[in-house]
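Peer 1: Turn this into a model:
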Amino acid sequence: MRKRIYRIIELSDGSDIWGTLYHYFMMIVIFASIVPLAFKRNAEVFSLIDKIAVVIFIIDYLLRLFTADLKYGSSGVSPFLRYPFSWMAIIDLLSILPSVASLNKGFRLLRIFRLTRAFRVFRIFRILRYSKSFKIITAVFRKQKAALLAVMTLALAYILISALVIYNVEPDSFDSFFTAAYWATVSLTTVGYGDIYPVSTMGQVITMISALFGVAVIALPAGIITAGYMNEMETSKEKDQAG
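Peer 2: This is a model prediction of the structure:
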């Protein structure tokens with residue numbers, strides 16, 4: 001019985017019709033539960049949708065906790081203690097608690113309904129559990145971790161250096177080092193909000209160099225992720241063909 005529940009609630013490969021139906025059903029519930037967030041007024045139908053969705057989410061959470069040993073095995077820390085601290089379980093819990101809290105009058109007195117409403121946005125992250133593409137992207141980031149960390153280190157180093165340079169070149173234009181770091185980040189990403197900018201010739205030259213360097217730095221992780229994603233897609237296709 002528990003093994004059957006586990007096969008249904010975990011992402012299936014399409015061979016189990018009940019597992020496929022369950023995941024499509026959960027995706028519909030997730031999307032339906034976040035529809036009320038697009039409206040300022042809380043109509044009765046939205047309240048009903050929210051209550052039904054929360055009950056379904058609670059059942060799903062309990063089923064996953066109930067079958068945690070089948071997912072993690074029995075070695076090491078108890079799987080029933082390990083599961084609640086997994087990042088997907090935390091997202092599940094954050095998507096449930098706000099609605100449960102909003103039903104409590106004591107929480108209403110603290111006027112945190114707007115805060116709980118904001119936390120309901122976490123429901124959209126539940127859909128990641130049912131996304132095959134997300135699993136591929138996660139594998140890409142895991143395998144390309146070293147290269148991405150190297151690029152990130154390069155970007156952070158350049159932000160700090162360019163912030164120090166511009167802060168000393170134009171101390172009147174930048175009130176603090178944090179402001180200079182903000183400018184450096186905006187310049188590196190070539191966003192260029194225009195709210196803070198250098199006025200001297202030297203400062204403008206530094207800005208141009210920073211923007212040009214930013215194009216190269218931003219292109220690096222995009223290329224790494226794209227190449228890794230294509231490799232994962234090829235691997236996935238080979239596995240499907242072999243299966």
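Peer 1: Show me the longest helix that occurs in the protein.
Peer 2: In the chain, taking DSSP state H as the definition, the longest helix is helix 201-242.
Peer 1: where does the nearest residue to residue 51 once chain neighbours are set aside land on pLDDT?
Peer 2: Nearest residue to residue 51, sequence neighbours excluded (C-beta to C-beta, 6 or more residues apart in numbering): residue 99, at 7.5 Å. To be clear about C-beta, it is placed using only N, CA and C from the backbone, and glycine gets the same treatment. If you check residue 99, the pLDDT there is 72.
Peer 1: low pLDDT regions in the chain?
Peer 2: Flagging of the chain using pLDDT under 70 yields the residue ranges 11-15, 74-77, 100-132, 192, 239-243.
Peer 1: Please enumerate the helices of it.
Peer 2: For the chain, the helices defined by DSSP H cover 2-9, 17-34, 44-66, 68-72, 79-82, 87-102, 105-109, 113-119, 132-143, 145-169, 177-188, 201-242.
Peer 1: who are the neighbours in contact with residue 61?
Peer 2: Each residue near residue 61 by C-beta atoms under 8 Å, 6 or more residues apart in numbering is listed here: 89, 92, 93, 96.
Peer 1: rerun that using 10 Å as the cut-off
Peer 2: Residue 61 sits next to 83, 84, 89, 92, 93, 95, 96 when contact means C-beta atoms under 10 Å, 6 or more residues apart in numbering.
Peer 1: what number of residues lie near the last one?
Peer 2: I take that to be residue 96. 23 (other C-beta atoms under 10 Å).
Peer 1: Assess the claim that it and residue 54 are in contact.
Peer 2: Yes. The pair residue 96 and residue 54 qualifies as a contact (C-beta atoms under 10 Å) at a distance of 6.0 Å.
Peer 1: count of neighbours near the residue nearest to residue 51?
Peer 2: Look at residue 99: counted by other C-beta under 10 Å, it has 22 neighbours.
Peer 1: correct me, but it touches residue 56?
Peer 2: No. In this structure residue 99 lies outside contact range of residue 56 using C-beta under 10 Å: 11.3 Å.
Peer 1: Look up phi and psi at residue 197.
Peer 2: Backbone torsions of residue 197, given as degrees, to the nearest 10, read phi -160, psi 150.
Peer 1: Now do the contacts for it.
Peer 2: So residue 197 contacts 170, 173, 174, 183, 186, 187, 203, 204, 207 (C-beta under 10 Å, 6+ apart).
Peer 1: Having no further points to raise, I will conclude here.
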